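**Student:** next input, structure requested:
(2 chains)
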Amino acid sequence: MMSKTTERSRFSGKSGSEMTGWAWLALPGIAFVVVLFLVPLGGMVLVSLGMPDWTVFHYARLLDTTAYLSIMKTTLAISVTVTALAVVIGYPFAYVLTTSGKALRTFLLICVVLPYFTSVLVRTFAWLVLLGRGGVLNEIMLGLGLTSMPIQMLYNRFGVIVGMVHIVLPMIILPLYTVMSGIDGRLVRAARACGASPAGAFVSVFFPLSVPGVVAGVMLVFIYCLGFYITPALMGGLSDTMITMAISSQVVDQLNWAFGSALSVVLLASVVALLWIGSRFFPLDRLLGLKRGLSTASGEGHHVSSLWLTGLAAAVNRLGDTGPAFGARLLPVFAFVVGLMLLAPGAVITYLSFSSAKYLVFPAPGFSLHNYQAYLSDPTWLRATFVSLRVAVLAGLIATILGTLLSLGLMRGNLPGRNGLLILLLTPIIMPTVVVAVAIYFLFVQFGLQGTEIGLAIAHAVYAMPFVVVIVLTSLQSLNPSLEKAGLSLGANPVAAFRTITFPLIRPTLIVAGFFAFLNSFDDVVYALFLGAGKLNTLPMRMWEGIKQDVSPTISAVATLQMLLAALAITLGSLMTPRAK
Amino acid sequence: MTDRQDLMNPRPSRRRLLKLGAAALAAPLVSRAGPALAQAEPLAGSGEVVVFTYGGSMTEGLRNHVFNPFTEATGIEVVDVTADLAESQVQAMFQSGKVEWDTALIRAMLYPQMSAEGMFADIDYGLWDAEALQGVPEDRRPKDAVVAFSPATLFAYDTRVFSGEVPQTWADFWDVEKFPGPRGLYAQESKQNIEAALQADGMASSDIYPLTDDKLARAYAKLDEIRPHVSRWWAAGGEGPQLIANREYVMSSCPDGRAIAAINNGAPLGLSWKGAHIHHNYMTILEGGPNTTNAQKLLAYINRAKVAAAWTQGTGFASSNRNQLEYLPAELSAMLGISPENASDLVIEDSAWMASMRADGKTNADYLQERWLEWRSA
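**Tutor:** All right, here's what the predicted structure looks like:
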């Protein structure tokens, strides 16, 4: 008969040191990332070292100038600010998303996801309409007498932060949403029954259980921010220069791949070091809920933090019911207002899509459907739409299947070095996409995958895997293993137990993760441009051409149709999915 | 991920030609020239040629005005490949040994180093008509490339603000007393700004290159002067005209194609070509490409004066053959950089100097970019 420990570890891998059979599930995903990312990355490191004429010149020259250091500082400052704001806005928003009724939830989900569906240059024009010196907001404030002259909200740091927060919010809200949905409401009610105030119950029960979501979201947002380039260039001031811009310029405009690679390696090394140091103090695997043992070396720190939380909860409890409860009632209002703000640029774009003007101008001189006619009557637009859809569906499937297996393996396989593995899995989103695209190209050429839809989908899947893994992991940890255990004890085989018990429980998470992977692929230009080898023309590429060459207002119609489809998909999905609890 | 892209690289725009459509019809029917010559066509062949263009309306315009007539005339099919920029892809194909394209458009700044690495096949000028050899100036056709078109960066001003006395030179652009109001300059690269600053400081356009250290010091001192008056350092080519139309600027540097497109759409812009920046964009035949012979024929074909005029009409960016002027409608040629009046005072980027290596192991272009990053992030 099995000992109690191995019995337990079969389900959760929480204790005991030997690997379990679940570990095999991680293999395909890990192999995928190693072959498609680590191998090209290795090639890049060799290039940065001047292979075959070995040299450290490309690293040493970083010290010739203060430029790169100050760009790195700017990049960090912007990324930290945006991440912090995303948490502050995203947490209460996700809380409302979890606790609200179906109608509000659907509306809020739409608000979060739609910004993804607007091409960056049209979106920026929408911001100009809203925040420009003569923009809507300034007009309102002047009209109300709140200000005496227009406030400069664009072309400075403020503009960069607004533009970036708008785009990164889904990345923190969706992981938080999946984690919060998994929190057993009875625990909060139990705390209330034991005399905790609503706020006290929140601080002592709900919040600690949602921490994995916060950690996941913060990691994803922060890393994603490092790669921003166009939004800062379009909405920021002269000194809002981010590191990816410098790297991209080396790769594309100087053709100096050795130096571009060196810059990327330094960026990667700094971020990995940061994550590594961070994981010493805040163990990633524990925070993401991969491991919950209290008897390990850092158990003491954990104990201290729970004491601290208990103290805080007690203090909050003393505040009584009135103040915090009033605040809680305001939360849906807050989320609703944030949702409207997120939608505002999309609304401007929708309005412009019906404009009769031949270029983007606000207000519209008249109305017509000529932008829609231009889209629907042009076979190149339609062809590009179908290429994008096929690639994105394939990429979403690959990333979701491999990422989910990988997460299960990590969660239950008791693999050694999980912190390291997690950081490794995140590296594809740390590296600037333009560098990864070049590196993957050389691999693809060996197999004739360049310029094919499958090749592009595979590359997109590598990029989307970290998102899938982090989202699925955070949701798996909140799963109650005793349900599956019960199934097994009733005689189900492990596969059947997984299929009939665990899978239905994590299905909503898989949908969110798959949607993310789909979106990332559907929105990509950089990989498509390079790995497409000129032969593939995706929708974002077509939009990019349209906006660079013509300031074509057709893209406002394309963006509006995309938003409409996305909103329909979310609404349908929400109608079809029964409430989990 | 759309967030990560190169923004500048002024692109040809066909939109600006829409208004000129009627005039273009009055011009000789270039696209019908093909079949008439079919029997005697020395460039006749078979198979295909894989041709890189920038996609969108440029590719569409070339297909209608140049590539389809080429196929009719020669029997060679043109396969389009499109991307944002070609150079990095060409380098990757060359290094991996699998060259899948036959031709590519290469920016002047990168041409010298790529040529030196042997990425381009020599052009077979033996296939060219005598007229084409005479019409395309020799300095625009080195042994392994031909200038396809030459985008410019000039400055535009708001005609609602300046109607009597208008700003005409870079010195006027710098003169914030005489022509007050917020200005726009380019953020992502420095060469256009440096050239403008030096001319504002009184330097003749012909004295600008090579950009020695003392000239750079002068230029940056001048840029320090204008910096507080620049309300937005623009990044995308269309921003200059767009922000003038929205009254965020009174004047701004901008790509010629975007300014002309905006004017044709009714934007209130005046242009100054004086001291404008120009760089070449080369069409090259890739070494080791699949259909080199057909590519040679395509280049010989598109540099004929009549076809050159069709290229210009199809893309909005003037190709190299000077003889094309007789086939172009006057309204169109008056707006282009090849018109003698506009071409009288231009700064042509010295790409050989840009690509040459400094003592510290960096190219001049790389060094310029690094200094620019230092200045802008300060």
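**Student:** which residue ranges of the stretch 51-200 of chain B form helices?
**Tutor:** Assigned by DSSP state H, counting those that start in this stretch, the stretch 51-200 of chain B shows helices spanning B:56-62, B:68-74, B:87-96, B:111-116, B:130-135, B:170-174, B:191-200.
**Student:** which other helices and strands does the last one contact?
**Tutor:** The reference is to helix B:191-200. helix B:170-174, strand B:183-186, helix B:213-226, strand B:251-255, strand B:269-278 (3 or more Cβ pairs under 8 Å, 6 or more residues apart in numbering or on different chains; DSSP states H and E). In this view, the C-beta of every residue, glycine as well, is placed from N, C-alpha and C.
**Student:** which one of the ones you listed lies closest to chain A?
**Tutor:** Smallest distance to chain A across the helices and strands packed on helix B:191-200 (Cβ to the nearest Cβ): 9.1 Å, for strand B:183-186.
**Student:** how close does B:Glu60 get to A:Thr65?
**Tutor:** 43 Å (Cβ to Cβ, to the nearest Å).
**Student:** so which residues of the stretch 1-150 of chain A form helices?
**Tutor:** Assigned helices in the stretch 1-150 of chain A, in chain order: A:4-12, A:26-33, A:39-48, A:57-60, A:67-99, A:102-113, A:120-131, A:136-143 (criterion: DSSP H, counting those that start in this stretch).
**Student:** and the shortest one, what's its mean pLDDT?
**Tutor:** Across helix A:57-60, the average pLDDT comes to 94.
**Student:** buried sites along that helix?
**Tutor:** By 16 or more other Cβ atoms under 10 Å in any protein chain shown, the buried positions in helix A:57-60 come out as A:Phe57, A:His58, A:Tyr59.
**Student:** what about the closest residue to the second one other than its chain neighbours, distance to chain B?
**Tutor:** Nearest residue to A:His58 in three dimensions, chain neighbours excluded: A:Ala262, at 3.9 Å (Cβ to Cβ, 6 or more residues apart in numbering or on different chains). As defined by Cβ to the nearest Cβ, to the nearest Å, A:Ala262 lies at a distance of 13 Å from chain B.
**Student:** go on, A:Val434?
**Tutor:** Distance from A:Val434 to chain B, by Cβ to the nearest Cβ: 6 Å.
**Student:** quick one: contacts for that residue?
**Tutor:** Going by Cβ atoms under 8 Å, 6 or more residues apart in numbering or on different chains, A:Val434 touches A:Thr244, A:Ile247, A:Ser248, A:Val251, A:Val252, A:Val526, A:Phe530, B:Arg4.
**Student:** of B:Glu60 and A:Thr65, which one has the most company?
**Tutor:** Neighbour totals were compared for B:Glu60 and A:Thr65, and B:Glu60 leads with 19 against 14 (other Cβ atoms under 10 Å in any protein chain shown).
**Student:** B:Met109 and A:Asp253 touch, don't they?
**Tutor:** Yes. B:Met109 lies in contact with A:Asp253 (Cβ atoms under 8 Å); the separation is 7.5 Å.
**Student:** wait, A:Gly236 touches A:Phe158, no?
**Tutor:** No. The pair A:Gly236 / A:Phe158 is not scored as a contact, 9.1 Å apart, by Cβ under 8 Å.
**Student:** related to what we said a few turns ago, turn the helices and strands packed on helix B:191-200 into JSON lines, columns for mean neighbour count, distance to A:Leu394 and mean pLDDT.
**Tutor:** Shown next, in JSON lines, are the helices and strands packed on helix B:191-200 (neighbours: other Cβ atoms under 10 Å in any protein chain shown; distance: least, Cβ to Cβ, whole Å; pLDDT from 0 to 100):
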{"stretch": "helix B:170-174", "mean neighbour count": "22", "distance to A:Leu394": "51", "mean pLDDT": "98"}
{"stretch": "strand B:183-186", "mean neighbour count": "24", "distance to A:Leu394": "39", "mean pLDDT": "97"}
{"stretch": "helix B:213-226", "mean neighbour count": "16", "distance to A:Leu394": "49", "mean pLDDT": "98"}
{"stretch": "strand B:251-255", "mean neighbour count": "27", "distance to A:Leu394": "37", "mean pLDDT": "96"}
{"stretch": "strand B:269-278", "mean neighbour count": "21", "distance to A:Leu394": "44", "mean pLDDT": "94"}
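**Student:** save these as TSV, and put in distance to chain A too.
**Tutor:** TSV is the format used below for the helices and strands packed on helix B:191-200 (distance: least, Cβ to the nearest Cβ, whole Å):
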stretch	distance to chain A
helix B:170-174	17
strand B:183-186	9
helix B:213-226	10
strand B:251-255	10
strand B:269-278	12
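**Student:** tell me which of those lies nearest to A:Ala497.
**Tutor:** Minimum separation from A:Ala497 across the helices and strands packed on helix B:191-200 (Cβ to Cβ) falls at strand B:183-186, 62.4 Å.
**Student:** alpha carbons of the closest one, in CSV - could you do that?
**Tutor:** What follows is strand B:183-186 as a C-alpha-only set of coordinates in CSV (Å, rounded to 0.1, in the frame of the first residue of the first chain):
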residue,chain,number,x,y,z
ARG,B,183,7.7,73.3,-34.2
GLY,B,184,8.2,69.6,-35.0
LEU,B,185,11.3,67.7,-35.7
TYR,B,186,12.1,64.0,-36.1
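**Student:** so what secondary structure elements neighbour that strand?
**Tutor:** Judged by 3+ Cβ pairs under 8 Å, 6+ apart, strand B:183-186 is in contact with helix B:191-200, strand B:230-234, helix B:239-245, strand B:251-255.
**Student:** which stretches of the chain aren't confidently modelled?
**Tutor:** You didn't pick a chain, so chain A it is. Applying pLDDT under 70 to chain A flags the ranges A:1-17, A:121, A:289-306, A:320-327, A:546-551, A:577-581.
**Student:** nope, chain B
**Tutor:** For chain B, residues meeting the criterion pLDDT under 70 lie at B:1-39.
**Student:** show me the domain layout of it.
**Tutor:** As recorded under automatic domain parsing, the domains making up chain B are B:15-150+B:280-339, B:153-278+B:346-377.
**Student:** quick one: closest of those domains to A:Ser119.
**Tutor:** Here domain B:153-278+B:346-377 is closest among those (Cβ to Cβ), at 11.9 Å.
**Student:** tell me how far that closest one is from the chain's mean position?
**Tutor:** 16 Å (Cα atoms, centre = their mean, to the nearest Å).
**Student:** how many other residues sit next to A:Phe518?
**Tutor:** 23.
**Student:** what helix or strand is the residue most central in space within chain A on?
**Tutor:** Centre of chain A computed as the mean C-alpha position; nearest residue by Cα atoms, centre = their mean is A:Met171, 3.3 Å away. Taking DSSP states H and E as the criterion, A:Met171 maps to helix A:157-182.
**Student:** please report how far the spatially most central residue of chain B lies from B:Pro329.
**Tutor:** Chain B has B:Pro151 as the residue nearest its centroid, 2.2 Å off, counting by Cα atoms, centre = their mean. To B:Pro329, B:Pro151 is 21 Å away according to Cβ to Cβ.
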